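A.B. asks: could you work out the structure for the sequence below:
(one chain, ligands or ions: 1)
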Amino acid sequence: MKPIRIAALALMGSTALVAPALAQDGNARNVILMITDGTGIESFRAASYYRFGKLGHEVYDDFDVQVFTSTHPLNGSSEPTNSDEGTITFDPAQVWNDQAVDTVFEGSLGNYEGYVAGYDYVRADYTDSAAAATALASGRKTYNNAINWSNNDEPMRHIGEYVADSGRSLGVVSSVQFSHATPAGFLAHNRSRNEYAAIGAEIIDSELATVVFGAGHPHYDANGRYVETPDERAYRYVGGQDYWQRLSNGETGFQFIESRDDFEALASGEMQIEGERVLGLAQNVQSLQFNRDGVAMGNLLETSPSLATLTLGALNVLGENEEGFFLMVEGGAIDWAAHANNLPRLIEEQIDFNTAVEAAVDWVETNSSWDETLIIVTTDHGNGLLQGPDSDKVAYSPVVSQGAGALPLVRWHTDTHTREMVPLYAQGAGADFFREIAQEEPGLATYNVKAEAQYLIDNTDVFRAAMNAMGIEEVSN
Ligand SMILES: [Zn+2]
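C.D. replies: Prediction:
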């Protein structure tokens with residue numbers, strides 16, 4: 001299947017049309033975009049406190065560029081509207097509004113008090129992972145549910161297509177199903193993220209990617225146990241039963257791998273991929289670890305590789321291309337832990353993600369260099385509005401460390417997404433682009449971040465930064 005060309009985009013959000021008039025840097029052979037799904041600043045910090053007992057020790061804390069990003073979708077619709085009505089705006093000043101309110105936010109798990117006007121503001125008009133992935137991958141705002149699909153009901157060209165056309169290889173790695181919203185945003189186009197089978201089929205048929213790793217194995221349950229005759233629905237993540245037969249029999253364009261041993265052999269360099277492309281499914285229908293029984297940390301499934309292993313394996317395959325590559329790595333279940341207000345597993349998932357970032361940094365420093373590779377670490381939106389125990393009295397009061405190995409003290413303010421400003425870290429070729437386009441946002445001092453980090457970009461700018469770094473020009477027809 002040929003990449004789908006974009007039709008008119010004239011009615012898209014205004015930010016989409018105002019590309020910064022900067023020269024294309026074009027020094028980056030490789031871009032690695034790492035997304036921890038659904039992670040506000042205090043979620044990052046909760047994991048760091050558990051891990052180190054203090055902040056500043058994650059590998060990305062040393063990155064040259066640290067800014068924040070806005071994440072709101074184009075509108076509140078769940079399907080194309082062909083209209084500018086209901087366009088969602090974002091005003092940082094309203095985030096910081098600490099005026100007391102006596103509202104109640106009705107969540108899925110229960111009710112959450114309002115406390116301050118700023119919390120109500122960030123709990124409204126939030127993006128889903130599909131619109132957020134589209135913004136990151138296509139540089140365009142769209143409606144929630146859209147996978148590279150415009151509000152005018154047209155497919156939109158995403159960075160995976162640009163990258164493949166530039167001669168680079170595309171890789172996508174996720175700790176959840178590869179046809180789930182975030183990975184799909186770098187591989188496919190669909191009017192609705194819920195069309196898993198169609199998305200899975202497009203990913204396999206298009207042969208756009210060189211590497212696709214994720215969960216969503218139809219023959220293993222959420223505890224990694226083999227299932228002889230799965231439910232029909234279990235096959236949808238890989239495109240349906242027919243696609244599964246062809247994929248597992250090696251009758252698609254992808255070599256198929258699934259065992260933890262194979263992923264580890266690929267990561268260590270002991271195994272080579274025979275053909276041009278590889279699709280790997282960890283032996284779990286849901287995620288690498290999060291969906292196993294229980295709610296506590298620990299007792300990890302031995303059947304699943306770590307996200308770091310998947311990342312290293314992908315880098316070893318992609319690094320074979322002299323022209324370079326674009327790799328998206330998603331920690332997909334941090335979001336699911338936040339939806340469940342499950343702090344231990346949120347921390348567990350975030351540490352797995354952070355370890356994957358360390359693996360990518362090591363790979364760059366061993367096999368490439370910062371002169372030719374850009375790493376971006378960010379999230380697609382907040383989730384849970386995790387704050388400190390005193391955040392009912394003081395707006396945005398931070399989580400409180402109890403030392404390494406102990407759960408920090410926290411307070412949840414929702415069980416779904418938010419439109420809070422979220423962290424972005426970047427290092428390497430083209431990272432300065434973020435600094436050049438960022439707008440000062442002094443309110444970010446509320447998060448106790450250094451002055452250089454009190455700057456704001458929009459999630460659509462991530463696409464532009466990656467394109468700029470690789471010297472690829474956007475087609476704006
Ligand atoms: Zn998300």
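A.B. asks: who does the helix or strand harbouring residue 348 touch, helix- and strand-wise?
C.D. replies: Assessed by DSSP states H and E, residue 348 sits inside helix 343-367. In this structure, helix 343-367 packs against strand 30-36, helix 41-52, strand 169-177, helix 307-318, strand 325-331, helix 334-339, strand 373-378, with contacts taken as 3 or more C-beta pairs under 8 Å, 6 or more residues apart in numbering; DSSP states H and E. No exception for glycine: its C-beta is placed from N, CA and C like everyone else's.
A.B. asks: can you tell me which of the ones you listed is packed in deepest?
C.D. replies: When the helices and strands packed on helix 343-367 are scored by mean count of other C-beta atoms under 10 Å, the highest mean neighbour count falls to strand 325-331 (a mean of 29).
A.B. asks: run the angle between it and strand 169-177 for me.
C.D. replies: Counting by axes from the mean of the first three to the mean of the last three C-alpha atoms, to 10 degrees, strand 325-331 lies at 10 degrees to strand 169-177.
A.B. asks: if we ignore the residues flanking it in sequence, what's nearest the residue of the stretch 201-350 of the chain found nearest the ion?
C.D. replies: Sorted by distance to the ion under C-beta to the ion, the residues of the stretch 201-350 of the chain start with residue 335, at 4.9 Å. Once flanking residues are discounted, residue 335 sits nearest to residue 38: 2.9 Å by C-beta to C-beta, 6 or more residues apart in numbering.
A.B. asks: neighbours of the one you found, just the number please.
C.D. replies: Neighbour count for residue 38, taken as other C-beta atoms under 10 Å: 30.
A.B. asks: and for residue 367?
C.D. replies: Residue 367: 12 surrounding residues under other C-beta under 10 Å.
A.B. asks: before we move on, what about the one 5 residues further on?
C.D. replies: Residues lying near residue 372 (other C-beta under 10 Å) number 15.
A.B. asks: residue 471 versus that one, what's the distance?
C.D. replies: 12 Å (C-beta to C-beta, to the nearest Å).
A.B. asks: sorry, back to before: the helix holding residue 348 vs helix 307-318, what angle?
C.D. replies: Using the same axes, to 10 degrees: helix 343-367 against helix 307-318 is 30 degrees.
A.B. asks: so how far is helix 343-367 off the chain centroid?
C.D. replies: Helix 343-367 has its C-alpha centroid displaced from the chain centroid by 13 Å (C-alpha atoms, centre = their mean, to the nearest Å).
A.B. asks: state the pLDDT value of the residue nearest to residue 335.
C.D. replies: As predicted, residue 38 sits at a pLDDT of 98.
A.B. asks: before we move on, what about the one 10 residues further on?
C.D. replies: At residue 48 the predicted local distance difference test score is 98.
A.B. asks: equivalent analysis for the one 10 residues further on, please.
C.D. replies: We have a pLDDT of 98 for residue 58.
A.B. asks: contact residues of this protein facing the ion?
C.D. replies: Within reach of the ion by C-beta under 5 Å from the ion, the chain has these residues: 37-38, 129, 335, 380.
A.B. asks: nearest to the ion, of these?
C.D. replies: Set against the ion, the nearest of those by C-beta to the ion is residue 129 (3.0 Å).
A.B. asks: quick one: residue 247 is in a strand?
C.D. replies: No: according to DSSP: H, G, I helix; E, B strand; the rest coil, residue 247 belongs to no strand; its state is helix.
A.B. asks: from residue 292, how far off is it?
C.D. replies: For residue 247 relative to residue 292 (C-beta to C-beta), the value is 24 Å.
A.B. asks: where do the strands sit along the stretch 51-200 of the chain?
C.D. replies: 65-70, 100-106, 111-116, 169-177 (DSSP state E, counting those that start in this stretch).
A.B. asks: do I have it right that residue 275 meets residue 257?
C.D. replies: No: look at residue 275 against residue 257 with C-beta atoms under 8 Å: they stay out of range, at 11.5 Å.
A.B. asks: comparing those two, which residue is more hemmed in?
C.D. replies: Neighbours were counted for residue 275 and for residue 257 using other C-beta under 10 Å; residue 257 has more, 20 against 10.
A.B. asks: list the contacts of that one.
C.D. replies: Residue 257 makes contact with 263, 266, 278-281 under the criterion C-beta atoms under 8 Å, 6 or more residues apart in numbering.
A.B. asks: do residue 46 as well
C.D. replies: Per C-beta under 8 Å, 6+ apart, neighbours of residue 46: 343, 346-347, 350, 386, 399, 408, 410.
A.B. asks: name the element residue 405 belongs to?
C.D. replies: Using DSSP H and E, residue 405 sits within no helix or strand.
A.B. asks: show me the contacts for the residue nearest to it when sequence neighbours are not counted.
C.D. replies: Leaving aside its chain neighbours, residue 405 sits nearest to residue 50 (6.8 Å; criterion: C-beta to C-beta, 6+ apart). Contacts for residue 50 were tallied using C-beta under 8 Å, 6+ apart; they are 347, 351, 404-408.
A.B. asks: so which of the residues you listed comes closest to residue 216?
C.D. replies: residue 351 (22.6 Å; C-beta to C-beta).
A.B. asks: follow-up on the earlier one: of the strands of the stretch 51-200 of the chain, which is nearest residue 286?
C.D. replies: Nearest to residue 286, of all the strands of the stretch 51-200 of the chain, is strand 169-177, at 6.9 Å by C-beta to C-beta.
A.B. asks: so which elements touch that closest one?
C.D. replies: Packing contacts for strand 169-177, counted by 3+ C-beta pairs under 8 Å, 6+ apart, involve helix 159-165, helix 181-184, strand 211-215, helix 307-318, strand 325-331, helix 343-367.
A.B. asks: list the strands paired with the third one, with their directions.
C.D. replies: When pairs are called by DSSP bridges, strand 211-215 turns out to pair with strand 169-177 (parallel), strand 278-281 (parallel).
A.B. asks: could I get these in TSV, plus columns for mean pLDDT and distance to residue 416?
C.D. replies: As requested, the strands paired with strand 211-215 are exported to TSV (pLDDT from 0 to 100; distance: least, C-beta to C-beta, whole Å):
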stretch	mean pLDDT	distance to residue 416
strand 169-177	98	17
strand 278-281	98	28
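A.B. asks: give me the residue ranges of the chain where confidence is low.
C.D. replies: For the chain, applying pLDDT under 70 flags the ranges 1-25, 477.
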